[in-house]
Structure formats: structure tokens, C-alpha cells
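In: Dropping the sequence and predicted coords here.
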Amino acid sequence: ITTTPTRLIHSSIPRFKMLQSACRTIRARGFQRNGGRFSEVKTPMLKRPQTFRLAQSQVFSCPGLSNQSMFSSASQKEVSSPTLPTPKLVRKQLWEFYFSTGRGANALFEAIDLGENGEIDAEELKSVMRDVLEIEGEKVDPREIMPYAWNRLEQRALQGKAYDIKTFKQWLVAATKMSADQRNESLMRGFQQHPSTGLCAQETTLPEFYSWNEETMSQSLRRMQYAVRGEVVMRADKLESEGREILYTNIGNPHQVGQAPITFYRQVLALCDLPADVGVDHPKVEEMFPADVIARAREMRNIIGPSGTGAYTHSQGLLGFREHVAQHIKQRDGYSSYPGNIFLTNGASSAIAMVLQGLLASNQDAVMIPIPQYPIYSALIAKMGGRQIGYELDESLNWAVTREELTKKLRKAQKEGLTVKALAVINPGNPSGNVMTHCDLQVVVEFCAENGIVLLADEVYQTNVYADGAEFVSAKKVALDTNQRNLQLISFHSTSKGLIGECGRRGGYMELHHIDPYVQSQLYKLASSELCSGVVGQIMTSLMVRPPSPMDPSYELFNKEQMYIYDGLKERSQKLVEGLNDIPGITCVPAEGAMYAFPKVEVPQGAIDRANELGTTPDNLYALSLLEETGICVVPASGFGQAKGRVGFRTTFLHPDTLKAIDVFAKHHEKFVKEYS
């Protein structure tokens, strides 16, 4: 969703308080809507003279607003007095403030409810939304921006129902979410019914009133979405607790679906964790562990120090492990890497969160993200009060992105008054499964360097490349190969993916390249506030970048285990895509890398109509149907973003039984189409 901010808006608290006072002033002055314009009532409702005077003083002193005309018509007495912003401008600014930050819903409600009735007529809300969504005076069709929320609004208008503050906030959440595939009401029901989190896990006697509730909590959190563990997954957990067999293909969690851990990693971890007298110094340790495992564990224990794995470390991670990462990057790319630019983190997600927190300084700051994207980006941007600008990957070009698309979206964002601070690229792609070529990345690297945009390179699937002729190339290598010295780059990697799949260890790193030293020091301060990443994750990260060498005793078993995992992934990636493409009405671009297929599904109009009636997306309707009918748990494609009108889902090919499910996919699709035709 993208709307037009006024360039005058900032996220400062004084300005927000000014907007609150201005909207109260509108009401105090007694203005009402008349044919789409505001005019003064003959008997003003001067109920709050103190508030009015306060609003005057605040607005007059606010740069950029004192020259705006507040009213559509003014009395002669008011002509010579300083003017205040129009109700339309105030509402627009309050909408923009809420859209970015999730804050100010009460003030926006007050700015619309001029009659102080405690409710807003649905038709009035429709008119207001058309006003605030204007782009430089041009009307925008709300159905294009918020189709499902607008549908709910129109239904309420037909029913003649108004909005009180509670239902208004619910509607605002729906209107500003990335997609409608996760409704908070459905999520709450799933949560309450979940065997390990719900009401069954609570005391039977609950308070009658909660002061911290859906109205008073962070509205940014309410708007945040994370489809990978959304409504469909919670329903799957509930069905499993009732005895249903569920095939989870919703998340890249290899060990959950049967992938065996790699022996070398677990042996070293064990010896690092065990007390020395029952581990590395045990008299019979050489009978239990290979020599290279013992040597590696002793080396790591020396790096960790006598405090062991239970103590805090340096906030950027242990220096010895960061040196291992820097050596790996240099060997991979052929260019130097420095331990001081490496941060060891709790997986890639926490590193991304750190960087976005440092980047998003204003509610006008934006991040360009690929569509489709991994929803951690949209979730964190929403939570932190930024804007997301989606640049579409072209499905017909194997999910490539063009310079024209990037430029078009940047210009559009600038026209709307946004400042694009960063651009995220996921390579290999999640959920798209594409592997970017050197030329593909050069387009992105040059675009970011020329426009002063920080490039966030999500490279957690760099060892998951299956297509013949495809290979992983890092964004840093492309930048240095093409002499892009002005590029500001942060790269992310994780132990959760690849062939390791140790998601629960929460290991990962980020490398900062050409980042302002002052900014880097502030990121260090942010890391310090979290004390340090988990030590086990730091160990796993070092092991990931320093596997056993071919001459080591552990190498033969290590290589055998790795190749078994890799060959299985490669086979399933190819056969799953082939099987999906054999189903009439389903098409899927080849999965060159990562762990996912992202098929497109043709559904009848009846399914689209039914989804609209339920206030959800056709993707969600399809995914829930697939789950109920077959026990297969996938993620609706709308949770990742996709082209308008597209319907689909994301499925992993991690589970050994994935290929057996192809016939089940086919039977369900045929039944679903018949049901809604």
C-alpha cells in the first residue's frame, strides 16, 4: 500500500501534538461537512476555548503550516488573523502519521467525528478516505490500494452501520496491512485454540477487564504480519493436536521435517559445551571423537576463554569467530574482509532488524523490497514505522528485476515525498527460488550506488543452488568487480539455511561494507544493548564458514552427509516443479535455488467472490481448503506480495514426502475448482 504524504509532515512529537490540537480546534470552531466542503456553523460549538487557543499557538509556530488555509470559507473578522490548516489537510497528515507509525488513531477519529457523536458514519469515512488518498490533487481508487478493507467499509455502509473508536481502529489495521490474508480475529481464535498457547494453557479465572488491550496496545504490532506462521499454520497446529496428520511445507525449518544434523557440527558443539574433564580432556576422548573434531573444539574453547559458552561475549561476537567469517568472505569473493566489520547475530533476522532500526529515522523513510519478498521485511518495516516500496520481480523473466522497474518505483516514492533509505535483495530468492546472475546483481548495485541507497543483501541461501549453470555471486563481489566504490552495503548470512539447517541455534552474521563509521559505532551500541548473540550460534557460524578440509578424518562422513542433503533438495526441487506444472491450472517457475516453489494458481471467480465475502484473499481461502482437505500446510502467496490478480502459494521441498504430495495437490485443485465454478 502506498499513499501520498505531504512534504511538511515529520514524525516529531511536537508536530503530532499540533495535529491533535488542530483537529480539536476544527471541532471547537464548529465546522461541519457540507457537500464535500467544510463550512462554519452559524452557532459555533465553542466548547473548548482553552484547547482552541492552545491549537492556535501551536499551529502558528509550526513551520510550513502557518501559511495554509484552514477553512473553506472564513468570516471577515478572521481574514486578518493567522490562518490554520484545513480539516482536509489535518486529516491527511494524521492519516499519513498513522499509516507510517501505527499511532494517532484517536486523533484521526476526532478529526473525522466533528459532531462529537462518538461514531463515524461509514459513508462519511468513505468520503474522507478518498480525500486523504489523493496524490497531488489526483483521485486514487481506494479499491486499488486497500481492496479488502474497502470492501468491508462498503458492506458496512450498505448496512447503515457506523464506526465507534474500537471498530474504527480495527478497520484502520485492515486498511494499512500488506494483505488481508491474516485477519487478527482469525489469528486470535487460532491462538486461543492452540494446544500450547491458548486458553487451555491459562488459568480458568481471567480478569474482567484488561487495561492493556487491542485499543491501547501498539497499533503497529496489530498491523504487523508474518504469513509464514499465520492463520493457516495455527489452524494446522490445531488439527494436528486433534490427531490429524499434517505435512508442514510452510517454513524452511529442515530439522523439523526430518533432515538429519551433520555429525561434525554436533560433535564440535558438544565438546565446546561439555566441561573439559568430561569432554576434550577426558582420558578416552580420542576413542569417542575424531582427532580433527577434538582439535577444532580445543581451538574454539581457547577463543571462547575460560568462562565457557555460558558467559556473555563481545557484543559484535568473539573476535576469533569473526576472523573466521572474514577469511571465508575473502576466499569466496577474492576481496578483503575485516573482522571489525563483522557482527555475529542471532540468525539473519535479528541483524536485519538492527539495520532497519538504524535506518528508519522518520515516518517518511522507506525501504524498497522485492515483490514477492520474505515477510520479515514488511513485518519489521511496519513495526518500526517506515514505508515499504515494492519493486516487482518479473515472473515471466524467471523473477528478474529491471532497471526500469527500480527507477519507476523510486520516482514514484519521491513524488509522494518519501525518502528511500535502503533496498533489499534476496539471492537466491525467497519465495521465488531464482538465482541472480552477475548481470542481475550489477543492475541493482549500480542503481543503489547512483542513488545513495543502502543495499541490504539477504544471502542466506547461498549454498542452495541446484540449477545447471547457475551459481551464487555475492553482492559485494559484484560491487567490487564493477568498481562501485560509493555503494553502501550490508550482507546477511545464517546457519538456519544452506545444508546445515540448524535453525534453532540462531547463528548468523552481517558484514558492513562502506558504512559510515559513526553509523557503525551506533549499530555497535545497539548490539551492546542486546549484550551479545548466543554463543552456540556464534560457534555454529564459525563451523559453517570453516568446515573440515578434505585431508581431515571427519571429511569423508561430512561430505557424504552434505551431498545426501544437497542431492535430495535438488531432486525434489526439480520434480516438484515438474509435477505442479503438470496440474491443469497451476504453473510454476523453476526453483533454481533456496528451498521453495512459488506456483501460480488459476481459481474461478466464485472463489474470488467467496474470499471477498469472508474479508480474506483467494490465496488464504485456497490454502485453508488445501489444509482441511489434505493436511498439507502451505503459505498463501499474498503473504509475500505478488502481482495484482495473481493467486498462489509457497511450499518448501524440504520434506522427504513432498513428491508424494503432488497427486494430492492435483486432486485438491480439481475439487476446489469444481466447488467454486
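Out: Thanks, I have the structure now.

In: hang on, Ala353 in a strand?
Out: No. Under DSSP: H, G, I helix; E, B strand; the rest coil, Ala353 sits outside any strand and is assigned helix.

In: Can you give me the separation between the residue nearest to Ala162 when sequence neighbours are not counted and Phe109?
Out: In this structure, Ala162 finds its nearest non-sequential neighbour in Glu119, 4.1 Å apart by Cβ to Cβ, 6 or more residues apart in numbering. Every C-beta, even on glycine, is put in place using the N, C-alpha and C of the backbone. If you measure Glu119 against Phe109 using Cβ to Cβ, to the nearest Å, the figure is 9 Å.

In: Who has more neighbours out of the two?
Out: When neighbours are counted by other Cβ atoms under 10 Å, Glu119 and Phe109 differ, and Phe109 comes out ahead with 20 against 17.

In: so that one is in which element?
Out: Here Phe109, judged by DSSP states H and E, is contained in helix 105-112.

In: so what secondary structure elements neighbour the helix or strand just after that helix?
Out: Beyond helix 105-112 on the C-terminal side, the first helix or strand identified by DSSP H and E is strand 120-121. Other helices and strands packing on strand 120-121, by 3 or more Cβ pairs under 8 Å, 6 or more residues apart in numbering; DSSP states H and E, are strand 162-163.

In: Any regions of the stretch 501-650 of the chain where pLDDT drops low?
Out: Applying pLDDT under 70 to the stretch 501-650 of the chain picks out no residues at all.

In: Helices along that one, start to end?
Out: Secondary structure of the stretch 501-650 of the chain, counting by DSSP state H, counting those that start in this stretch: helices at 517-529, 535-545, 555-581, 605-614, 618-630.

In: Of these, which stretch is the most buried?
Out: Ranked by mean neighbour count under mean count of other Cβ atoms under 10 Å, the helices of the stretch 501-650 of the chain are led by helix 535-545, which reaches a mean of 26.

In: tell me what that helix is packed against?
Out: Based on contacts counted as 3+ Cβ pairs under 8 Å, 6+ apart, the elements that helix 535-545 packs against are helix 263-273, helix 291-304, helix 319-333, strand 342-345, strand 508-513.

In: So what angle separates the directions of the second one and helix 263-273?
Out: Using axes from the mean of the first three to the mean of the last three Cα atoms, to 10 degrees, one finds that helix 291-304 and helix 263-273 are set 40 degrees apart in direction.

In: I'd like the average pLDDT over helix 291-304.
Out: Averaging pLDDT along helix 291-304 gives 93.

In: just the longest one next, same as before
Out: The average pLDDT within helix 319-333 is 95.

In: Show me what counts as buried in it.
Out: 320-326, 328-329, 332-333 (16 or more other Cβ atoms under 10 Å).

In: could you check the angle helix 291-304 makes with that helix?
Out: Computed by the same axes, to 10 degrees, the angle between helix 319-333 and helix 291-304 is 120 degrees.

In: mind checking how far helix 319-333 is from the chain centre?
Out: On the basis of Cα atoms, centre = their mean, to the nearest Å, helix 319-333 is displaced by 28 Å from the centre of the chain it belongs to.

In: try the shortest one
Out: How far strand 342-345 lies from its chain's middle: 21 Å, per Cα atoms, centre = their mean.

In: what pLDDT does Asp481 get?
Out: The confidence metric pLDDT takes the value 95 at Asp481.

In: Backbone dihedrals for it, both of them.
Out: Phi and psi for Asp481, reported as degrees, to the nearest 10, are phi -60, psi -40.

In: separation between it and Gly579?
Out: To Gly579, Asp481 is 38 Å away according to Cβ to Cβ.

In: Likewise for Gln267?
Out: For Gln267, the distance to Gly579 equals 38 Å [Cβ to Cβ].

In: Tell me which residues of whichever strand or helix holds Met234 come out buried.
Out: When secondary structure is defined using DSSP H and E, the element that contains Met234 is helix 231-241. Using 16+ other Cβ under 10 Å as the test for burial, helix 231-241 gives 231-239.

In: And stretch 637-657, by the same measure?
Out: Of all the residues in stretch 637-657, those buried under the rule 16+ other Cβ under 10 Å are 637-642, 646-655.

In: follow-up on the earlier one: turn the helices of the stretch 501-650 of the chain into TSV, including distance to Ser494.
Out: Listed next are the helices of the stretch 501-650 of the chain as TSV, based on distance: least, Cβ to Cβ, whole Å:
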stretch	distance to Ser494
helix 517-529	17
helix 535-545	8
helix 555-581	16
helix 605-614	34
helix 618-630	26
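
In: Looking at the ones you listed, which is nearest to Val128?
Out: Comparison of these against Val128 by Cβ to Cβ identifies helix 605-614 as nearest, at 22.7 Å.

In: From the contact counts, what lies against that closest one?
Out: The criterion is 3+ Cβ pairs under 8 Å, 6+ apart, and the helices and strands that helix 605-614 contacts are helix 618-630, helix 662-676.

In: Can you give the contact residues for the first one?
Out: Residues outside helix 618-630 that contact it (Cβ atoms under 8 Å, 6 or more residues apart in numbering): 180-182, 231-232, 235-236, 239, 246-247, 601, 603, 607-608, 610-611, 614, 632-639, 647-649, 661, 664-665, 667-668, 671-672.

In: before we move on, back to that, now for the buried residues of helix 231-241, which pair is the farthest apart?
Out: By the measure Cβ to Cβ, the buried residues of helix 231-241 have their two most distant members at Glu231 and Leu239, which lie 12.7 Å apart.

In: Might you list the low-confidence residue ranges for the stretch 1-150 of the chain?
Out: Judged against pLDDT under 70, the low-scoring parts of the stretch 1-150 of the chain cover residues 1-85, 100, 135-138.

In: any chance you could map the strands in the stretch 351-500 of the chain?
Out: 365-371, 387-392, 419-426, 454-458, 489-494 (DSSP state E, counting those that start in this stretch).

In: Parallel or antiparallel, which strands does the longest one pair with?
Out: Which is strand 419-426. When pairing is defined by DSSP bridges, strand 419-426 lines up against strand 365-371 (parallel), strand 454-458 (parallel).

In: got it, and the last one?
Out: Under the criterion DSSP bridges, strand 489-494 sits next to strand 454-458 (parallel), strand 508-513 (antiparallel) in its sheet.

In: from the buried residues of stretch 637-657, which single one is nearest Arg411?
Out: Taking Cβ to Cβ as the measure, Gly641 is the one of the buried residues of stretch 637-657 closest to Arg411, at 20.0 Å.

In: picking that back up, what's the closest of the buried residues of stretch 637-657 to Thr419?
Out: Within those, the smallest distance to Thr419 is 21.4 Å, found for Gly641 (Cβ to Cβ).
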